[in-house]
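Colleague: Pasting a predicted model and its sequence here:
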Amino acid sequence: MDSAGYVALSRQSGLMREMQVVANNIANLSTPGFRREGTVFAEHVARLPEGPSLSIAHATGRHVDLREGPLRQTGGAFDLAIRGEGFFLVETPQGQRLTRAGAFLPNAEGEVSTPDGHRLLDAGGTPVFVPPDAGPVAIGADGTVSAGGQPLARIGLWQPADPLALRHVAGTMFDGGEVQPAEGGTLIQGALEEGNVNPVSEIARMIAVQRAYELGQSFLDQEDRRARTAIQTLGK
């Protein structure tokens, strides 16, 4: 395969990865706390001894869109939405993870957890505990959890110490490396933050990527026919 074929294949590979990212965004339109992702393309340039340089695309990086999503009122006592900066910090078997998905429930022991059983951590990094017989629970904008007028815990808002360390690991979970308290964020009880995916722009992007992929495939088909014709001609 000549240089043009390798360049086209690298582009096709990047477009395929971008299509997978866009499809995942669309699939999570209604997932609370989901953050839209985009594909980051890089260009690798190599100097060829027999001619001009060769440029090959590389698309393995992903960009996480941290813009806020719209709110949906639920009325749930342990449904929480964040306005402003910050993430919830939860405890998972793989370590502490950041998330904006605020659908929580107390388990049988009174520990506030995600639907998957990951415990929510407070401002000190310890699990949030609400006694089963505590009665109606109120959660203030600063994260203070109280029942019967008595404070029980304070939910923490966290952010990566290095913003560039934020890495999407699965679903609505992020690995932020070393974390620190977030400033300026507030909590809203009885609401969930929806994903920040714009369906119209994502579908438009999907169409554009698909057309670009089809154009690249057409070029590869033409190159294949050209090579076959040259081989047949030279073999006569």
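Modeller: Nice, thanks for sending it over.
Colleague: C-alpha from now on. contacts and neighbour counts both.
Modeller: Will do.
Colleague: May I ask you to name the longest helix in this structure?
Modeller: When the chain is parsed with DSSP state H, its longest helix is helix 199-235.
Colleague: And that helix, what's buried?
Modeller: For helix 199-235, burial by neighbour count (16 or more other CA atoms under 10 Å) applies to E202, M206, V209, Q210, Y213, G216, L220, E223.
Colleague: Poorly predicted segments of the chain, please.
Modeller: Judged by pLDDT under 70, the chain has its weakly predicted residues at 1-6, 41-59, 61, 224, 235-236.
Colleague: Spatially central residue in it, please.
Modeller: Nearest to the mean C-alpha position of the chain, by CA atoms, centre = their mean, lies R35 at 4.4 Å.
Colleague: check contacts around that one.
Modeller: Counting by CA atoms under 8 Å, 6 or more residues apart in numbering, R35 makes contact with V64, D65, L66, T172, G195, N196, V197.
Colleague: mind putting these in a markdown table, neighbour count, distance to G184 and secondary structure included?
Modeller: Below are those laid out as a markdown table (neighbours: other CA atoms under 10 Å; distance: CA to CA, whole Å; DSSP: H, G, I helix; E, B strand; the rest coil):
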| residue | neighbour count | distance to G184 | secondary structure |
| --- | --- | --- | --- |
| V64 | 13 | 21 | strand |
| D65 | 13 | 19 | coil |
| L66 | 13 | 15 | coil |
| T172 | 18 | 22 | coil |
| G195 | 24 | 21 | coil |
| N196 | 23 | 20 | coil |
| V197 | 25 | 24 | coil |
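Colleague: Between these, which sits nearest L89?
Modeller: Ranked by distance to L89 (CA to CA), those are led by T172 at 11.9 Å.
Colleague: For the residue nearest to the closest one when sequence neighbours are not counted, identify the helix or strand it belongs to.
Modeller: Counting by CA to CA, 6 or more residues apart in numbering, F34 is the residue found nearest to T172 once chain neighbours are left out, at 5.2 Å. Here F34 is covered by no helix or strand, with elements defined by DSSP states H and E.
Colleague: what's around F34, how many residues?
Modeller: For F34, the tally of surrounding residues (other CA atoms under 10 Å) stands at 25.
Colleague: Can you give me the distance of it to T186?
Modeller: Distance from F34 to T186, counting by CA to CA, to the nearest Å: 18 Å.
Colleague: same check, this time on L80
Modeller: For L80, the distance to T186 (CA to CA) stands at 10 Å.
Colleague: Pick out whichever of the two has more residues nearby.
Modeller: L80 (27 against 18).
Colleague: Which strands or helices does the helix or strand hosting that one pack on?
Modeller: Secondary structure assigned from DSSP H and E places L80 in strand 80-83. On a contact count with 3 or more CA pairs under 8 Å, 6 or more residues apart in numbering; DSSP states H and E, strand 80-83 meets strand 186-189, strand 191-193.
Colleague: List of residues touching the shortest one?
Modeller: Read it as strand 191-193. Applying CA under 8 Å, 6+ apart, the set of residues contacting strand 191-193 from outside is 32-33, 68-76, 79-82, 100-103.
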